[in-house]
Each structure stands twice: as structure tokens, then as C-alpha cells.
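> following is a predicted model, sequence given first.
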Amino acid sequence: MDYLESLNEPQREAVVYNDGPMMIIAGAGSGKTRVLTYKIAYLMEQGVEPFNILSLTFTNKAAREMRERIEEVVGSDAKNLWMGTFHSIFARILRFEADKMGYQSNFTIYDTEDSKSVIKGIVKDMNLDDKLYKPNSVLSRISSAKNNLISWRMYENNNELRIEDEASGRHKISEIYKEYAIRCFKANAMDFDDLLFNTNVLFHKFPDVLNKYQDKFRYVMIDEFQDTNISQYVITKKLAARFQNICVVGDDAQSIYAFRGANIQNILNFEKDYPDLKVVKLEQNYRSSQNIVEAANSIIRFNQHQLPKNVWTQNDAGALIEIFKTATDNEEAKIVASSIFEEKMTHGLRNSDIAILYRTNSQSRAIEEALRRTNIKYKIVGGLSFYSRKEIKDMVAYLRFVMNPADEEAFKRIINYPKRGIGLTTVNKLRVIANENNLKIWDVVSNIRRFISGRAATSIEQFADMIKAFQFTVEQKDAFEAASLIAKNSGMLRELYDDKTVEGKVRYENLQELLNAIKAFSEDPEKEDKSLDSFLQEVSLITSTDQDADEDTITLMTIHMSKGLEFDHVYIVGMEENLFPSQMMLESRADLEEERRLFYVAMTRAKKKLFLSFALQRYRFGKLIMCEPSRFLGEIDRTFINARGVVSSSFSNEPPRVPSGFTKVGSNNNQPTNLNQRRTSGFNKKTTQVPDNFVACDPNDLKEGMRVMHVKFGEGIITKMEIDGADKRAKVRFDREGEKTLILAFAKLMILN
Ligand SMILES: Nc1ncnc2c1ncn2[C@@H]1O[C@H](COP(=O)(O)OP(=O)(O)OP(=O)(O)O)[C@@H](O)[C@H]1O
Ligand SMILES: [Mg+2]
């Protein structure tokens, strides 16, 4: 039982207490996940059967890691634990119980792209304005209804929602919601939100089913509880109602999914719902250096809404936080890459000890380029994942349709890919026939002669025969053989093989890689169900953090994806106003607090060293804009910072000033004005401006005697060019500021004549 020795007193207390509801609300890095892991191991050691324990995590990867730890203590029995994300666990339950809901157990799980395509179709069929009813925003409206357990029927009768929709000019959303639900059902498909929503319906409508699972799950655990939504909360509460052995673990200061419906209120409700709740606080941080812990504390104090907590650590003070001030986003990337190179040399770090975090995915491009140039291996978590690539989705659509021929989205993808002369008009005709006769698309396709004749009918008949042959194959052969045959006989393999462009080759390799994955799956001794169907289920629930790379790479990801993880060195890039805090998310104080919690999450991922960087100029939305340092930088207690101000054109730490006469960029940027009201940043209190047409020139184009413009110093004349090793410098006599020597790699100059 030596793992108990590796815990501090309150952690141990939390591990061994298992008689009723418990909540651990504790600071970052204080061992919450560790406690949950050992709690499960402890229960199993006490003789609790693994299949009586349900543990819900933020990613499947987190579940896998926990399971491995538990296995170290209790052995292979840990395989039988019910562990995973809410979505994967409830998809599993819904498969078992599908028939009760009128679904077949091989239902498809629609991803966001599928869902949007269904909505697009509905908007078109209803003759609505597709600019007003954008798939994204309609879907998010439906999604948030579902996460608040509002069915389309309830939506229809809900005055408040109707008024909101009417105010935005979109009074048809309730009808779209209804049609969307009908189409998904007809396609034997559920979207991600349905996995939770339908589980709620299932438990509500079928008390005997609920009873069964209540009996089964004697112990229920939830990690990252602060980010659960109402739908998730209600399900788990129901499940735990019999034994009341529910243990939730979280940190209100790390709640970062409110924008997706997560509700911090769940923490407060929990105390009300379980009056005999045992509450445990963990305050000692084991992850980070003292400087990092204190710096993170210093920023989160700016939030008004939080439970009182005092996070401290016995770890060493460690290095100060580095702040890099850089001229442009590309330069920021370069500096981060060279810092990583240097740190690796001096501290003997592996790539996997390092992470670069950013607010939005699009920031990765510049960083990737710089890393490639420096020969540092990296992986992007949460970008376009393997399973989101077109060729993979096409192939998966074939498999989906073979398994579930009601799946209309899969059908749309493959009916004319590879090309078989079945155009959009025909496809639409098929859908109309299906709708009018209240049939599934497959019923029409597989009996096409009854409905249409001519050349199109022949092509469709051939398609139907092909699918029937595939269905037969799937019954006869193992997953890998069947998938290989489908890849070949559908024509997909040849289509990709014939494309000899570089991209085409990559796509062909990707398809092979998918087949490899199916082979590995069908030979995995750990898997009980090795069928193609079961492979598809797993694939549709893969979250982008779940992919493991064997290689030693540094990790690039958004802060949202980094929850629960830790790295020796962490770089947070793009610390600029309007980027972080994000301009798009800032409408209220609550939004700002959520952005700040996001920053808190990012900072507390670092064990030993934290680097923050910002650029003075950055390309955004296709335009070069001036940036101000993030207000969050100014909120960090100065004691913990080493502001080197690494690079700016003049090596100064002053904010850039802008010569008069510059037009203001951003006037068409829709910046809410309230953004500029509160400035605590010690870096920059002024709004900076840059000319709209400012385009920095290539240093090689500069010559003595040229008239140039500099963002900060204004106009001037080049008096001398100097080359010092790799560095090119220019002496410029500025009209206002006098003579300056600029390093051209960093100073951005625009040629005026
Ligand atoms: N008592 C302990 N002794 C030594 N190391 C510990 C102890 N408790 C936790 N740790 C280590 O501290 C680190 C943080 O633990 P863990 O990830 O469980 O924290 P957490 O509270 O879940 O963090 P987060 O809020 O980021 O999810 C891990 O590396 C863990 O192994
Ligand atoms: Mg954790």
C-alpha cells in the first residue's frame, strides 16, 4: 500500500473516505487527479468490483493514463473499470439500450461537420436566408438547448427562447431544431449533444433502465467537475442516487468552458443537493515552482468570483518568469524557437518536456514555421486531427454507410465519390422521394427502379449493389479485410493512387494509415469487440487530445486543450490585448474573468519555467495590426518576473509611439470600446496606431540615402548600412528622433521613395 504513503494528509483522507458524497475543490496541481486515481485503486483493493466503478474524465487519454496508474497497483483487473469521457461512456450505454429509444444499436455519431451539413440542408429546404441562419450559429443554439435539457417540443413552447430568436430575426430556429431532430433520428444518427441529451431521456422514460445502472455504478467519480454542464450534472446525479457514493473533483479557478454551457454553479448546487457532503480542500501544489504558483495566485486575485483558496508550495523558488517583447508574430515565433533550442541545450530537456500554448489555433502557423526551421520536432494537439482529414472522412463515410445505411450524411459524401455520374440534382431528387414517401434514403436507393428510370437509375443501382456486397463482406470477414476490400472496390484507393501530386500522395498514405489503424485494432488483445462497428464507434469519439505520438515532440495546443496536463517548460504566446483576453469573448466582466481563468490554467501547466511573449505587430484577419501587451501581463506581481524585453527595434522597453498623421487601423475592426476602459497593464497605457498600408520591406532592399518610415520613430533617411556577421544594421536619421542604429532583422521599415 505504498501509494498511500506518497500522499499528504488531506489527500490520504480523501482517498480512504468512501461512504457518501464528497467534493474536492482544490487548486491547480494539488493532486486532485492523483487522489481520484488512487481512490479507485484503493476501492478495488478493498474488494469493490471494477465494473461497479464509473469514472468520468475530460479526455479519453486522461482516462487511459489513470487506468495505467491503477493497473500498477491492482493489476489487469483495471481493464474492467468504466472510465472515459462523458460522451464515450454514455455512447456505450446508449448502444446497449438503443432499441428503447427507437434507435438501432449501430447508430452513427454525427460530428460537427455532419450536423452543420444537416442544418444547411434544412435551411435550404425551408427556403430561409442562409446568411441569417448560419449553420454554426443555429447549431450552437440547438446545442445549448440540448445541454440545458430543452427538447424541440419544449423549445417550441418556450416564450423566452422565442423572444430571443425573434429579437435576432431568426424566429424559425425552433422549426429547424424540430426538423433537425427528425432528420437525425431518421438517419439513425446522434450528434455529440444527443449522447448526453438522449441518456437523460432514457433514464427519465425508463426507470427500470435507470435502476439497472444505479445498481451497477456503486461509485461515481468526476474529474474536472468545474467544466460539467447541466445535462452532465443531471445524469450523474441520477446515476448516483441509490448509493450516493459520488466524488467530484475540480477547481473553480480553472472553469474555462462556460462559453460551451459548462456551469460553475454545479459546484454550488452540489453542496445544496448533498447536505451530508464531505468537502476536502487541497492547497499544497506539487507541480510548480514557488514563483509560478505565486505569480498565478497574483493574477487570479483579480477575479471577484471565486471560492477562497490558498495555494502554496514547498517547491523551490525556481526561475523567474520570462517575458519576451517582440516586434512581430514571426519574430515572436523565432524567439520562442531559439529560446527552446537554448533551454534544451542548457537544461538537457526532452522535447516532450516543453509545450507552447496559445489562445487560438490560427496562432500555430508562425510558430510551426519557426520550429521547422530550427529543426525542432513538434505535434499539434487539437488542430485538424487525422480523423478530420477529407480522405479519412470519406473512407469512414463508406464504412459508416455500410454499417448504417440510414446515415444520410455518409450517403451524401460517397454517393458520387469517386465520381459515378450521380449529380446533385439526382441526389436531391432521391431525398425528396424519401421524404415524400416517408422512407429512408437507403430504401429508395436499394429499390431505385420503383422510383426512377434511365441512366441515373442504372448508376444508382450499381451503387446499391456495391453497398450490398460490402455489407456481405463485413459479415464474412474481419474488420481489416473488410475495410481493405471496401477501400479497393469503392474505387477510393485507386482515385487517391492516381493523384500523383504531393498532396495526393499524402492522402493515399493517410488512407493506408487508416487501414493500418483498423488492422491494429482488430488484432488488439485488449479489445473485446474487434468488429468494424466497434472501431467506428471508437473513431467517432476520438477527441483531438487523444492521439499519442511515439516521437519525442514538443506540444503545441490551445490553452483549452491543455487542461489537467503538465510540462517542465511552458511558453504562452500572443499575450496581447484583443487576442488574450480575446476580443471575441469579451462582452462582460464575467467573460473577462473566464479569460483570466484561462490564463491561470495556462500558467499552472508549467512545472519549472514559464515564458510569456507578445508581439507589437501581428497579421490578423489578413491585415497587419498594432498590438498592445495583454492587461494580464500587468496583473502579474512584478516580484516574479524577469522582463528582458528581449527584442524590439530599439531594444527599449517603452511602448511604441506612433507619429501623428497615421490613420487608425481597427476603425473597421469592430472593437468594442469597453475593451479599452480598464487598463492595468504596466506595459502600455496608450492606444497605438499604425498606417493601414504599412508594409515592412525586405532588409535586402534597403540602401543608403533612402527615405523610410519606422512605426515608432516616424520618417527618416538611411545614412549608413552596416553588416556585422549575420546582422544587418542601418543608421537612420529620423526627422523627429535623431539618429538611431537599427537591427534590420527586427526593425520594420517601409520604403517611402
Ligand atoms: N503528495 C504528493 N507527493 C508528490 N507529488 C504529488 C503529490 N500529489 C500530487 N503530486 C504530483 O503533482 C502533480 C500535479 O498533480 P495532479 O495532476 O493530480 O494535480 P491536479 O490537482 O489534478 O492538477 P490540475 O488542477 O491541473 O488538474 C503531478 O505530477 C502529481 O504526480
Ligand atoms: Mg487534474
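Looks like it arrived, so ask away. Ligands and ions are numbered 1, 2, ... in the order given.

> mind listing what's buried along the helix or strand harbouring Y3?
Following DSSP states H and E, one finds Y3 within helix 2-5. Neighbour-count burial for helix 2-5 flags Y3 (criterion: 16 or more other C-beta atoms under 10 Å). In this view, the C-beta of every residue, glycine as well, is placed from N, C-alpha and C.

> quick check: A410 touching M395?
No: judged on C-beta atoms under 8 Å, A410 makes no contact with M395 at a distance of 10.7 Å.

> if we can go back for a sec, remind me what the helix holding Y3 packs against, helices and strands.
helix 9-16, helix 32-45 (3 or more C-beta pairs under 8 Å, 6 or more residues apart in numbering; DSSP states H and E).

> send me that helix as CSV with only the CA atoms.
Taking Å, rounded to 0.1, in the frame of the first residue of the first chain, the C-alpha atoms of helix 2-5 are listed here in CSV:
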residue,chain,number,x,y,z
ASP,A,2,3.0,2.3,-0.5
TYR,A,3,0.9,4.6,-2.8
LEU,A,4,-0.9,5.8,0.4
GLU,A,5,2.5,6.9,1.7
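
> contacts for that helix?
R12, V15, V16, Y38, A41, Y42, V73 (C-beta atoms under 8 Å, 6 or more residues apart in numbering).

> give me the pLDDT value at the closest residue to the fourth one other than its chain neighbours.
Spatial nearest neighbour of Y38, excluding adjacent residues (C-beta to C-beta, 6 or more residues apart in numbering): V15 at 5.0 Å. Among the per-residue scores, V15 holds a pLDDT of 96.

> neighbours of V15, just the number please.
22 (other C-beta atoms under 10 Å).

> what's the burial count for the nearest residue to A262 once chain neighbours are set aside?
Distances taken as C-beta to C-beta, 6+ apart place D227 nearest to A262, at 4.4 Å, with adjacent residues excluded. Counted with other C-beta under 10 Å, residues neighbouring D227 total 24.

> do you know how far D227 is from N266?
9 Å (C-beta to C-beta, to the nearest Å).

> cool, K124 as well?
38 Å.

> repeat for K419
On the measure of C-beta to C-beta, K419 and N266 end up 51 Å apart.

> these two: who's more crowded?
A count of neighbours by other C-beta under 10 Å puts N266 above the other of K419 and N266, at 25 against 9.

> now the more buried one: which helix or strand?
helix 265-273.

> does the helix or strand that that helix is followed by reach ligand 1?
Moving toward the C-terminus from helix 265-273, the next helix or strand (DSSP H and E) is strand 278-280. No: using C-beta under 6 Å from any ligand atom, strand 278-280 stays clear of ligand 1, coming no nearer than 11.9 Å.

> avg pLDDT for strand 278-280?
pLDDT averaged over strand 278-280 gives 94.

> then stretch 427-438?
89.

> number of residues surrounding the nearest residue to K278 once chain neighbours are set aside?
Once flanking residues are discounted, K278 sits nearest to M22: 4.5 Å by C-beta to C-beta, 6+ apart. By other C-beta under 10 Å, 21 other residues sit near M22.

> next, give phi and psi for M22.
phi -140, psi 140 (degrees, to the nearest 10).

> my guess is it contacts A14. True?
Yes: using C-beta under 8 Å, M22 makes contact with A14 at a distance of 6.9 Å.

> overlap in contacts of those two?
In contact with both M22 and A14: V280, using C-beta under 8 Å, 6+ apart.

> tell me the secondary structure at S288.
coil (DSSP: H, G, I helix; E, B strand; the rest coil).

> check P405 and give its pLDDT.
pLDDT at P405 comes out at 93.

> neighbours around the residue of the stretch 251-400 of the chain found nearest ligand 1, how many?
Taking C-beta to the nearest ligand atom, ligand 1 has its nearest neighbour within the stretch 251-400 of the chain at Y286, 3.3 Å off. Neighbour count for Y286, taken as other C-beta under 10 Å: 16.

> that older thread, quick one: the helices and strands packed on helix 2-5 as CSV, columns for distance to N361 too.
What follows is the helices and strands packed on helix 2-5, written out as CSV (distance: least, C-beta to C-beta, whole Å):
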stretch, distance to N361
helix 9-16, 36
helix 32-45, 26
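
> tell me which helix or strand comes right after the host helix or strand of L485.
Taking DSSP H and E as the definition, L485 sits inside helix 479-489. Using DSSP H and E, the helix or strand that follows helix 479-489 in sequence is helix 492-498.

> list the buried residues of that next one.
Here helix 492-498 shows M492, L493, E495, L496 as buried, counting by 16+ other C-beta under 10 Å.

> same question for that helix, mean pLDDT?
The model assigns helix 492-498 a mean pLDDT of 91.

> A strand includes K720, no?
Yes: assigned with three-state DSSP, K720 falls within a strand.

> run a quick neighbour tally on it.
13.

> for I321, same thing?
I321: 24 neighbours (other C-beta under 10 Å).

> thinking again about what came up before, which phi and psi does the residue of the stretch 251-400 of the chain closest to ligand 1 have?
Per degrees, to the nearest 10, the backbone of Y286 is at phi -110, psi -10.

> who are the neighbours in contact with E368?
Here E368 is in contact with Y378, I380, L556 (C-beta under 8 Å, 6+ apart).

> what's the helix or strand for R69?
helix 60-74.

> report all helices and strands that that helix contacts.
helix 32-45, strand 53-57, strand 82-85.

> what does the protein have sitting close to ligand 1?
6-8, 11, 26, 28-34, 251, 254, 286-287, 564, 566.

> please type out the ChimeraX selection for whichever of those turn out to be buried.
Buried residues among those (16+ other C-beta under 10 Å), as a ChimeraX selection:
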select :7,11,26,28,29,30,31,32,33,34,251,254,286,287,564,566
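
> and ligand 2, which of the residues of the chain next to ligand 1 reach it?
K32, T33, G564 (C-beta under 5 Å from the ion).

> quick one: contacts for the residue nearest to the first one when sequence neighbours are not counted?
With C-beta to C-beta, 6+ apart as the measure, V249 is the residue that lies nearest to K32, at 4.5 Å, once sequence neighbours are left out. For V249, the contacting residues are M23, I24, A26, K32, T33, V35, L36, M221, I222, D223, E224, F225, by C-beta under 8 Å, 6+ apart.

> D568 now?
H347, L349, D353, I354, A606, K607, K608, K609.

> nearest to G261 among those residues?
A606 (28.9 Å; C-beta to C-beta).

> ok, the closest one to I572 distance?
The gap separating A606 from I572 is 9 Å, by C-beta to C-beta.

> who's more crowded, those two?
A606 (30 against 27).

> does that one have beta-bridge partners, and which?
F567 (DSSP bridges).

> burial of F470, as a residue count?
21.

> for ligand 1, what's the nearest residue on the stretch 451-600 of the chain?
For the stretch 451-600 of the chain, C-beta to the nearest ligand atom, closest residue to ligand 1: G564, 4.2 Å.

> residues contacting S117?
Here S117 is in contact with P135, E409, K412 (C-beta under 8 Å, 6+ apart).

> for ligand 2, what is the nearest residue in the stretch 201-350 of the chain?
Closest to ligand 2 within the stretch 201-350 of the chain is D223: 6.0 Å, counting by C-beta to the ion.

> which residues sit in contact with that residue?
Counting by C-beta under 8 Å, 6+ apart, D223 has contacts K32, T33, L36, S55, L56, T57, F58, A62, V249, G250, G564.

> relative to M603, how far out is it?
From D223 over to M603 (counting by C-beta to C-beta), the distance is 20 Å.
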